[in-house]
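Participant: model this:
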Amino acid sequence: MLDRIADIWGERTPHARGTVWPARVDLHLTDGVAEQDVDRWVQSACLLCSNGCGCDIAVKDGRMVGIRGRATDVVNHGRLGPKGLYGSTPWASSPDRLTRPLVREGGRLVETDWETAMGRVVERSKQLLAENGPLTHGFYTSGQLFIEEYYTLAVIGKAGLGTPHMDGNTRLCTATSAAAFKESFGADGQPGSYTDIEHCDAVFLYGHNMAETQTVLWARILDRTHGADPPRIVCVDPRRTPVAEEAERTGGVHLAPRVGTNLALMNGLTRELFEHGWVDEDWVAAHTLGRDELRAVVDPYTPEEVERICGTPASDVRRAAAIFGESPNVLSTVLQGFYQSHQATAASVAVHNLHLLRGMIGRPGAGVLQMNGQPTAQNNRECGADGDFPGFRNWGNPQHVEELASAWNVDPLTIPHWAPPTNAMQIFNYAEKASIELLWISATNPAVSMPESSRIRSILSKPEVFVVVQDLFLTETAELADVVLPAAGWGEKTGTFTNVNRTVHLSEQAVEPPGEARSDLDILLMYADAMDFRDLDGNPLISWRTPEQAFDAWRAVTAGRPVDYTGLSYEKLRGPSGIPWPVDEEHPDGTDRLYTDFVFPTDTDYCETYGHDLVTGGAVTEQEHRALRPAGRAFLKGAPYLPAHEEPSEDYPLLYTTGRTAYQFHTRTKTGRSRPLHDAAPDAWVELSVPDAASLGISEGDWVRVESPRGAIEVRARVGQVMEGAVFAPFHYGSWDLDGVAPDEQDRLANELTMTVWDPVSKQPTFKTAACRVTKVRDGDGPAPAPTTTASAPARVGSVPDTRGGPPSGSHVLADTPTYPLDPSQES
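Facilitator: Got it, this is the predicted structure:
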């Protein structure tokens, strides 16, 4: 098989428009294991990005030893990306796995048994409930658990404790996706389908470096752009990514707006549709509300005004708008470049506006994919573990609250619905003030991933806050906890999850978890049992004991809602690989795309939200929403561009933005323990443009100090392909693998610099908009540890730019990498 570190997307299988994407099965096994050596293959789907690729886990001698794509899966047709191939299994046998519970004694974490550890959690929980009530409890979870675990947590929080303080790290990556869907269509849920790639005439990628964040999906697009009748690509990104290169190759456009100006660009594109008669006025009149108001909002944003604000040439704005306005079918995708930037929800809603103005939704090739950043982020939103109500119910609708109270057999007043659910940023604010006194964190690492990291570490260290962490490893967050619970991971437990385009997979248990580690479901059931939560009849609130029973409880509560799972079962999911919801009597085999009838879930009594002002975040009331008489019509909503909270100044003249690399996932808990992935991107770096590097006297590989008003990092510089005036840093790198690394090389946590500021509607932090300055610290001794195969490639092809005449870069591997635990089978 190809080296998929060097060739990220694998061999091309070009095909023409309207034809099925050919299958190609990707496989990776641990060194020394051949296919005939595998004892059994176990059905699953990959968890190392949001694409949700169907796969089988290879098991030998009770150990996960590899992975193979499923050729029949609707998502990936057999393909897997580098993270899925090389990062799916090595972490499981890493020698530093948590195998026993830990409790804090005398300032140190020490091993104990489950009864002692859970006993401390329950004792503190009951004490706080008795003294100050449920608002003392907060839960911060993940985008990587299973449906069964999210739903159980939602019932514990909402019906057992009655706390509104529940959210996930999905708030950091894709809360804006959900918010944008609700504002435009009345409820969450991806309208489009991956199959739209096979039928579209153009693909617009807004703030979405798909080539690195969803590598298999990008391979799907490449197989169209290299086939007959290819679509044109339009890329919106301040870096010259592989997506931007493909846009140029296909006759599309690369739009590179200044960091924080996305909405101005979107308003300009929308104005062009009106100006050139590219609006389907009859369709808009029949199926939308707000056309005239939107026209008035975007009217000032001429291409020249967009160029003034964004730095994007007016001619490129016109060209991109013409591609959107004249193409019969356009697929749009959106990700962190919009979600984590300034005016996130307004910019993402503007993508919907373009599609609605042209009536391009609900048909093959014409769709929207507001992408997710994590494999099960969609389920967090569906099940209510992120603060939303299960089944896309409206917390402000008394009838929806009654439905849940009836399903759970609890008093409706127990379910917190007197105010909006508490978002993650506010949860940590409450913990900082010690009004939240028990904070339970599962399967996430906020000490590295949250903005303004030093503040988060301070909050987690407060003696007034009892911190519980359940995870696979002793992460930077777990090191600060009062109780640490060892969790089973992917392949060590059974459950279901749903990817970006609503496709549900079953992941079967392949091996036993190590030591005393337990599944997250079993941990939550142990807590619920010890707390003795009861329903109105005195029966246990949570009656299920197995994942399948939990799934059956979940699907029952989705009946009649947009996210209807009632036609699914474990048995059905063991058949065809991947089934998109809704699955019900009307759609027994699933639903490829939504809104094919152009009817949207905006009815006041049915919708998930009444909506918000996109500038202020002010909520639309039920009475105001009802007065609009939406009657199944979508909303066209606009907002003017406003300058970002923090703009460049004399002291901080550059704009700082963070992001991801193809070879690492989140805080590297899994991918950092894979030798191939580690070697491909072993340490942190920052990217500067050629002009900025030259003006600052910085060469490739030099150590630089990047500083914002909140903090600083000292890392090596890549003179790369970011736009002038911007600085890019990957956010993956924390401190867990720094043993043996020199003290002056340890300040690498990108979120030390980011702001505690969030979007007024989605409440998603603006990781991608901060002012900074860069100064050289010392000469480097070689190239930066950034990959040369991705958007982080050096600016000059063939050698790394170095004004000192240093050696050319011939590898993406850095020789002097830090030491860290590895799967022994990966040692060279």
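
Participant: would you list the phi and psi of the nearest residue to residue 339 once chain neighbours are set aside?
Facilitator: In space, residue 339 comes closest to residue 176 once its chain neighbours are excluded; the distance is 3.9 Å by CB to CB, 6 or more residues apart in numbering. For glycine as for every other residue, the C-beta is placed from the backbone atoms N, C-alpha and C. Per-residue torsions, residue 176: phi -70, psi -30 (degrees, to the nearest 10).

Participant: what sits against residue 176?
Facilitator: 338-339, 344-345, 348, 370, 759, 761-762, 764 (CB atoms under 8 Å, 6 or more residues apart in numbering).

Participant: for residue 22, same thing?
Facilitator: Residue 22 touches 13, 15, 77, 223, counting by CB under 8 Å, 6+ apart.

Participant: and those, which two are furthest apart?
Facilitator: Greatest spacing in these, by CB to CB: 15 and 77 (10.9 Å).

Participant: between these two, point out the one with more neighbours.
Facilitator: More neighbours surround residue 77 than the other of residue 15 and residue 77, with 24 against 16 (other CB atoms under 10 Å).

Participant: what sits against that one?
Facilitator: Counting by CB under 8 Å, 6+ apart, residue 77 has contacts 21-24, 69, 71.

Participant: quick one, grab the pLDDT at it.
Facilitator: Looking at residue 77, its pLDDT reads 97.

Participant: ok, residue 826 next?
Facilitator: 33.

Participant: now residue 741
Facilitator: In this prediction, residue 741 carries a pLDDT score of 83.

Participant: let the chain start at 51 from now.
Facilitator: From this message on, residue numbering opens at 51, which makes the last subject residue 791.

Participant: coming back round to it: name the residues contacting each of residue 65 and residue 127.
Facilitator: In contact with both residue 65 and residue 127: 71-72, using CB under 8 Å, 6+ apart.

Participant: for the residue nearest to residue 829 when sequence neighbours are not counted, what are its contacts?
Facilitator: Leaving out its chain neighbours, the residue that sits closest to residue 829 by CB to CB, 6+ apart is residue 752, at 5.9 Å. Taking CB under 8 Å, 6+ apart as the criterion, residue 752 is in contact with 766-767, 826-830.

Participant: in PyMOL, select just the buried ones from the residues you listed.
Facilitator: Buried residues within the contacts of residue 752, by 16 or more other CB atoms under 10 Å, are selected in PyMOL with:
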select buried, resi 766+767+826+830
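
Participant: out of the contacts of residue 752, who's nearest residue 675?
Facilitator: residue 767 (50.9 Å).

Participant: hang on, that closest one in a strand?
Facilitator: Yes. Membership of residue 767 in a strand is supported by DSSP: H, G, I helix; E, B strand; the rest coil.

Participant: doesn't residue 740 make contact with it?
Facilitator: No. With contact defined as CB atoms under 8 Å, residue 767 does not count as touching residue 740 (11.5 Å).

Participant: and the lengthiest helix in the chain, how far out from the chain middle?
Facilitator: Ranked by residue count under DSSP state H, the longest helix found in the chain is helix 164-182. Remark: helix 164-182 is offset 32 Å from the chain centroid, using CA atoms, centre = their mean, to the nearest Å.

Participant: now the element after that helix, going C-ward?
Facilitator: Following helix 164-182 in sequence order, the next helix or strand is strand 187-191 (DSSP states H and E).

Participant: contacts for the helix or strand that that next one is followed by, please.
Facilitator: Next along the chain after strand 187-191, taking DSSP H and E as the criterion, comes helix 197-205. Residues from elsewhere that reach helix 197-205, judged by CB under 8 Å, 6+ apart: 189, 191, 195, 216, 426, 429-430, 432-435, 440, 458, 492, 545-548, 569-571, 574-575, 578, 591-592, 594, 597, 600-601, 603-604, 607.

Participant: beta partners for the spatially closest residue to residue 701 that is not a sequence neighbour?
Facilitator: Of all residues not flanking residue 701 in the chain, residue 823 sits nearest, at 6.7 Å (CB to CB, 6+ apart). Beta bridges link residue 823 to residue 757, judged by DSSP bridges.

Participant: which residues touch residue 823?
Facilitator: When the contact criterion is CB under 8 Å, 6+ apart, the partners of residue 823 are 701-704, 756-757.

Participant: if you set the cut-off to 7 Å instead, what comes out?
Facilitator: Contact analysis of residue 823 by CB atoms under 7 Å, 6 or more residues apart in numbering lists 701-704, 757.

Participant: can you check residue 352 too?
Facilitator: Shown in contact with residue 352 (CB under 7 Å, 6+ apart): residue 321.

Participant: before we move on, back to that, and the contacts of residue 226, which of them are buried?
Facilitator: Buried among the contacts of residue 226 by 16+ other CB under 10 Å: 388-389, 394-395, 398, 420, 809, 811-812, 814.

Participant: by mean pLDDT, which helix or strand of the protein comes out lowest?
Facilitator: helix 220-223 (a mean of 92; mean pLDDT, DSSP states H and E).

Participant: list the buried ones in stretch 797-817?
Facilitator: In stretch 797-817, counting by 16+ other CB under 10 Å, buried: 797-805, 807-817.
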